[in-house]
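In: no sequence on this one, just coordinates:
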């Protein structure tokens, strides 16, 4: 029996309400998450209840690691109680667009924490191995997370698969676009945006490889500009009153359909008046450029800031003065972990016909093996080959996660020493095989 088994126990439970707030187990779990992420504690039971309703709506499973009582480890009265887990973990299912409009169920992982006083005791590994194993047994082919640190999750088989950029665009005088977007833009009432926003995002999600469907807490934050700890929201379907500073606009197509929207706030920072985009979703190039044309024409604003811009941003090319747009940061967003490579690889579309054999190593033994990928008419047949079968390419499962959607170039990863080419031009063939017909992009955090 290892150290974790002796001192700690893992508990899985569903979030629940009790009277005006969360039940004891949920309340203790939420408090531990807030402590780890430096969030404010809930000021009222109503706020705790609203947060609990949203995680119930997402059908999340909560996991906590709890310290067992022992005579040689007395607990001081001022210490956190036994109902506060020293490690937390949550998982739930949403769809991932893997290309061609195919929405694959993905096992999403969030709120992963270990209390600083209990680090280096195997708690994170125990939670992760347990959770991934149960997800694989349940038939889920892929897991995903967004990481607060870039060095934690590769050891568990996760690879960075989508990336976004933070941009600043100078707007102290009117910006001109080289093309004229079709359609119309109008300012909108943020409190009435919810239904239209959800329809637009649904279309965006179904047409954008790399997109993950939004969860209740994300919708609450984006539609109101408020977080759990600052304002209660009745539930995921009933919107709270937005923050008074939140503004919104919509784009309509020439046919009158809403095909894009943006929400934003304007803040004064010394001599700089900064417009920060809270959410921007567009399903057509005209909607995207039309919304940006509005943002860059708003009076008394010196810069527009957006933290989830695509890597290959049409705005850069559309601006008459592209130097007004500056990339200030580039970050990974979604990390993928393949649980069942046969199901995952057969789910996504393919742009060319070819046959490649991949040898995948996996320290958790969930996705390792030699895989023959044969593509015909846009789809793949994947078969496991006997151990020792010669492979065209060799890689770790984390690398396969990075490559899976087609947003990471296998030739680049080969140059980095992460993909090993065993037959001539195999990396170039894999690049062509995994290429998508649209840019890989996602804007959902979880």
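Out: Thanks, I have the structure now. Note that the structure is a prediction, hence the values are computed from the model and not measured.
In: if I look at the nearest residue to residue 171 once chain neighbours are set aside, how far off is residue 169?
Out: The shortest distance from residue 171 to any non-neighbouring residue, by C-beta to C-beta, 6 or more residues apart in numbering, is to residue 296 (4.7 Å). C-beta here means a position set from N, CA and C on the backbone, and glycine is covered the same way. Going from residue 296 to residue 169 by C-beta to C-beta, to the nearest Å gives 6 Å.
In: Name the residues contacting each of these two.
Out: Residues touching both residue 296 and residue 169 (C-beta atoms under 8 Å, 6 or more residues apart in numbering): 175, 304.
In: Just list the residues touching the residue nearest to residue 171, thanks.
Out: Counting by C-beta under 8 Å, 6+ apart, the residues that residue 296 touches are 169, 171, 174, 175, 304.
In: Ramachandran angles for it?
Out: phi -80, psi 0 (degrees, to the nearest 10).
In: Could you shift the numbering so residue one becomes 51, and keep it that way?
Out: I'll keep to 51 as the first residue from here, and by that count the last item is residue 346.
In: min pLDDT across the contacts of residue 346, which one?
Out: Within the contacts of residue 346, residue 224 has the lowest pLDDT, namely 81.
In: Around it, how many other residues sit close by?
Out: Residues lying near residue 224 (other C-beta atoms under 10 Å) number 9.
In: Could you look up the SS state of the nearest residue to it once chain neighbours are set aside?
Out: Nearest non-adjacent residue to residue 224, counting by C-beta to C-beta, 6+ apart: residue 347, 6.0 Å away. The three-state assignment at residue 347 reads coil, by DSSP: H, G, I helix; E, B strand; the rest coil.
In: ok, residue 347 to residue 354 distance?
Out: With C-beta to C-beta as the criterion, residue 347 and residue 354 are 10 Å apart.
In: hey, what's in contact with both of the two?
Out: With C-beta under 8 Å, 6+ apart, residue 347 and residue 354 have common neighbours residue 221.
In: Give me the more crowded residue out of those two.
Out: Counted by other C-beta under 10 Å, residue 347 and residue 354 do not tie: residue 354 has more neighbours, with 23 against 12.
In: which stretches of the stretch 251-400 of the chain have low pLDDT?
Out: For the stretch 251-400 of the chain, the stretches with pLDDT under 70 are 277-290.
In: Please, where are all the strands along it?
Out: Ranges of strands in the stretch 251-400 of the chain, per DSSP state E, counting those that start in this stretch, are 297-302, 308-319, 322-332, 353-359, 375-382, 385-388.
In: quick one: which of these is nearest residue 205?
Out: strand 385-388 (11.1 Å; C-beta to C-beta).
In: Go ahead and report the secondary structure state at residue 163.
Out: Assignment for residue 163 (three-state DSSP): strand.
In: so how many other residues sit close to residue 155?
Out: The burial count for residue 155: 16, using other C-beta under 10 Å.
In: so it bridges to which residues?
Out: With DSSP bridges as the criterion, residue 155 is bridged to residue 145.
In: residues contacting it?
Out: Contacts of residue 155 (C-beta under 8 Å, 6+ apart): 143, 144, 145, 146, 190, 191.
In: Looking at these, spot the one nearest residue 268.
Out: Nearest member of these to residue 268, counting by C-beta to C-beta, is residue 144, at 10.0 Å.
In: Which residues are in contact with the residue lying closest to the closest one once chain neighbours are set aside?
Out: The shortest distance from residue 144 to any non-neighbouring residue, by C-beta to C-beta, 6+ apart, is to residue 263 (4.3 Å). Shown in contact with residue 263 (C-beta under 8 Å, 6+ apart): 144, 145, 146, 153, 255, 494.
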